Structure formats: structure tokens, C-alpha cells
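Novice: Next comes the sequence, and after it the predicted model I'd like to discuss.
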Number of protein chains: 2
Amino acid sequence: MTIVEAGTVRRGPGRPRDEDIDGQIIAATLALIDAEEEVTVSRIVERSGVSRAALYRRWPSLTTLIAAALDVGRTVPPPVGAEGDLHAAVMTAVFGDSGAVTASGYSEVRFRHRIRLVMADRALQKAYWRSHVSRRRMPVEAALRRGIERGILCADLDVEACFDAMAGVAYYQLVVRGDRFEEPGSQARMIAALDVIWRGMLA
Amino acid sequence: MTIVEAGTVRRGPGRPRDEDIDGQIIAATLALIDAEEEVTVSRIVERSGVSRAALYRRWPSLTTLIAAALDVGRTVPPPVGAEGDLHAAVMTAVFGDSGAVTASGYSEVRFRHRIRLVMADRALQKAYWRSHVSRRRMPVEAALRRGIERGILCADLDVEACFDAMAGVAYYQLVVRGDRFEEPGSQARMIAALDVIWRGMLA
């Protein structure tokens, strides 16, 4: 069975385009994840109709392929405008990215799957961290560094630790409390906690 | 097969004591969790040698039994001394409880299992939150409330949100970064983040 996400790409006869093959492999991987089936190269080959050789040419390890599949629907956010109202810009960016967890492109169901998979496999967790999560943090971290330069934030701030604290509040709602991101209680706690963290970061 | 944790309880002949039965049921449940086998009442009955009726008398639902088993080795921390150096007392308590995650009685392996199980089952997650996690937060939350009364912390502080932020940093290390709690990098980020959060809570 071939599962391809509906797209607008038209192609002529002959050899399929590379993006089509990528999409078929990713779609088959996601279908296995969503069906809670074990994800193996053989099963992806079977579901996607793509050859094993073509798969390995693109993703030398299953771990990096699963990491890529888990990230479908999530993108690196755009740069955060750090020259005007830094507080508003950072809060919007942090809420925006947390909100993306439950936005249409990246359902809470898939978020919960992702956490289960990475807790079962530290190599996958590290691969996903390096190639995806750590990249998504960069715009906000850059804005915080600019805030230090502008004299708004504490000069000796540990920017990575501050991001951990802000994102940690969101993860706590979903992973520990089991509350959905959009519930009023989660929203109120996130706003209150981000407020405290921001105050603590000020110069 | 009966699995009972080594204990010092001596008992005479006849009907086993209630604590023994509790221990046998919990030990069998943990053995299934640690072996990554599916946890069902039938399997627990088989492994523990305890009757189905005795099991249901103690834990009317499998969910609450699993929640109890997951918490073995963790306890509600003692009250936090909130009359002296509040900052030092709160930091010690927060680090102590996070440290307990990887302390001998509660291995990181079991922590990772716990997260996987609760991400797969929101009812279990909520049960575990209500009966265990939320209770463990109380000593620190009480100390923060006392800090407000003493005029040390902001009068309008959302104490629950502040705890979420502090604990969230620790969860972020383990669940998102995939770093162990005791790694120097995790420790440094936690110290830096807790410092920022504390500064933000001050009156």
C-alpha cells in the first residue's frame, strides 16, 4: 500500500521525483507511528513501495528517519523581532511554538507518541534533540541574547537555561499534569510562570 | 512465580498479613513494568500468587494500582523549613525531589517507563498526578505561601505556576534533552534557571 499525502505536485511519466519518494517514506513512517505499530525498515518499505536502497540512501539510520517523521508539521519558527518590545515578541514566540504542539499540523496525539518513542530510545531522543528541538529554540535564544546586548536583560543570563525554564512549563502541563495546552488552567499557569521567569531575567 | 521484595517482616503460620499481600501485588506489577510486558490483572494475579478478589479489594482499578507501583521508592518529602533562609530551604527541597528521580530507590529507567505509560494512558496520568505528584509538591508550595506571608515573595504570586516552572526545568532535561539529571550540564542549567525563577518570585 502506498500512502502519499495529497499534494499539488504534478509529474510526468518516468522516474518519480525525489521529493515524492521522501514524502512516501515519511508518510509510511508516520502511518506506522500513528497506528502504534512497531516501526521497522521492512515495514516502511512495504507500506511506502519505495525500495530499501532508496530509503537507506536518504536516511542512513532508522533513528534519523523517525526523528524526521516526528517533526512533520513543525517548522523552525521565524526570527523574533528583538528591536522593539522584546517582552511581547518573546512571549508571542514562546506561546506560538508551544501552541504549535497542539496545532492542526502536529496533534497532541502525535506529541504523546513522540514522547513515548523518545523515552524508549535515548539515541532517538538525542537525534531528535540535535536535529529538531535545538534548532527550533534558536530564534528565541537569539532574541534573548539581543536583549542582553540592549541592556534589557541581565548580563550574566544563561540563555539556554532560561529557554529550558520557559519551555519546561509547557512540557510540565502536557507530560506531568496531563492537561491539554489549550485548557484555561494550563494557559493561566503558563502566563503566570512566564511572567515570573521574565521578571527574573530583567537587568 | 511469586516475587516479593526482601523484607524483615517475620510472620507466623496462617493467613498472610495484609502488608505482605500489598507488597506481593506491587512487586509483581513492577516486575511486569520493568520487563516491559503488558500489565494486566491476570498477569499480576499469576505472578504474585494473590487472588483476583484480594487484588480488587485493595485496588478497585488497575490504573490506581499501576500508579501506586510507579511510585514505589518515592515518598512525600518532609515539610520545608520556611522560617529561616527560605531561598536555601526551597532550593534544597526542589533539588532533593528532582534528585530522587534518579536516586537508588527510583531509577531513571523506571522514570522513563513511567513517562511512557502515562503518555499512553491519560487516565493513568491523571490518577498518578492526583494521588502522587500533586501530593509531593505540597511541602514546597506551602513554603512559598509562607514566603508570601513573610513578605519575601511577591504577594500576587501563582504558587502552582511557580512550582510548574521549577519542576519543568528538571523534566525538560530528562524528557526533551535526554540528559541525565546528574550530568554537570543539567545541574548547571537547573541552578541557573532556578536562580532566575527565584529572582522573579521576589517581592
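Specialist: Thanks, I have the structure now.
Novice: After the lowest-mean-pLDDT helix or strand in chain A, which helix or strand is next?
Specialist: The helix or strand of chain A with the poorest confidence is helix A:86-102; it has a mean of 77 (mean pLDDT, DSSP states H and E). Using DSSP states H and E, the next helix or strand after helix A:86-102 towards the C-terminus is helix A:108-120.
Novice: what comes up buried for the helix or strand following that next one?
Specialist: Moving toward the C-terminus from helix A:108-120, the next helix or strand (DSSP H and E) is helix A:122-128. Neighbour counts using 16 or more other CB atoms under 10 Å in any protein chain shown place A:124-128 of helix A:122-128 among the buried residues. All C-beta spots, glycine's among them, are computed from the backbone N, C-alpha and C.
Novice: List, out of the residues you listed, those positioned next to chain B.
Specialist: Restricting those to those near chain B by CB under 8 Å from any CB of the partner chain leaves A:125-126.
Novice: Identify the residues contacting the nearest residue to A:Glu160 once chain neighbours are set aside.
Specialist: Nearest residue to A:Glu160 in three dimensions, chain neighbours excluded: B:Arg189, at 6.3 Å (CB to CB, 6 or more residues apart in numbering or on different chains). B:Arg189 makes contact with A:158, A:160-161, A:164, B:169, B:173, according to CB atoms under 8 Å, 6 or more residues apart in numbering or on different chains.
Novice: okay if I get those as JSON lines plus distance to A:Phe181?
Specialist: Output for these, formatted as JSON lines (distance: CB to CB, whole Å):
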{"residue": "A:Asp158", "distance to A:Phe181": "26"}
{"residue": "A:Glu160", "distance to A:Phe181": "23"}
{"residue": "A:Ala161", "distance to A:Phe181": "22"}
{"residue": "A:Asp164", "distance to A:Phe181": "18"}
{"residue": "B:Val169", "distance to A:Phe181": "18"}
{"residue": "B:Gln173", "distance to A:Phe181": "21"}
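Novice: Among the residues you listed, name the ones in helices.
Specialist: Under the assignment DSSP state H, those contribute A:160-161, A:164, B:169 to helices.
Novice: between the residues you listed, which has the most around it?
Specialist: Comparing the ones in helices among the contacts of B:Arg189 by number of neighbours (other CB atoms under 10 Å in any protein chain shown), B:Val169 comes first, having 31 neighbours.
Novice: Name all residues that make contact with it.
Specialist: A:161, A:164-165, A:168, B:189-190, B:193-194, B:197.
Novice: just to revisit the earlier point, any idea how far the residue nearest to A:Glu160 is from B:Val176?
Specialist: 12 Å (CB to CB, to the nearest Å).
Novice: what's the answer for A:Ile25, then?
Specialist: From A:Ile25 across to B:Val176, the span is 26 Å (CB to CB).
Novice: Can you give me the buried ones in stretch A:124-142?
Specialist: So stretch A:124-142, judged by 16+ other CB under 10 Å, has buried residues A:124-129, A:132-133, A:136-137, A:139-140.
Novice: just to revisit the earlier point, chain B: which of the buried residues of helix A:122-128 is nearest?
Specialist: Nearest to chain B, judged by CB to the nearest CB, of the buried residues of helix A:122-128 is A:Gln125 at 3.7 Å.
Novice: The closest one against A:Met119, yeah?
Specialist: Yes: A:Gln125 is in contact with A:Met119 according to CB atoms under 8 Å; the separation is 7.3 Å.
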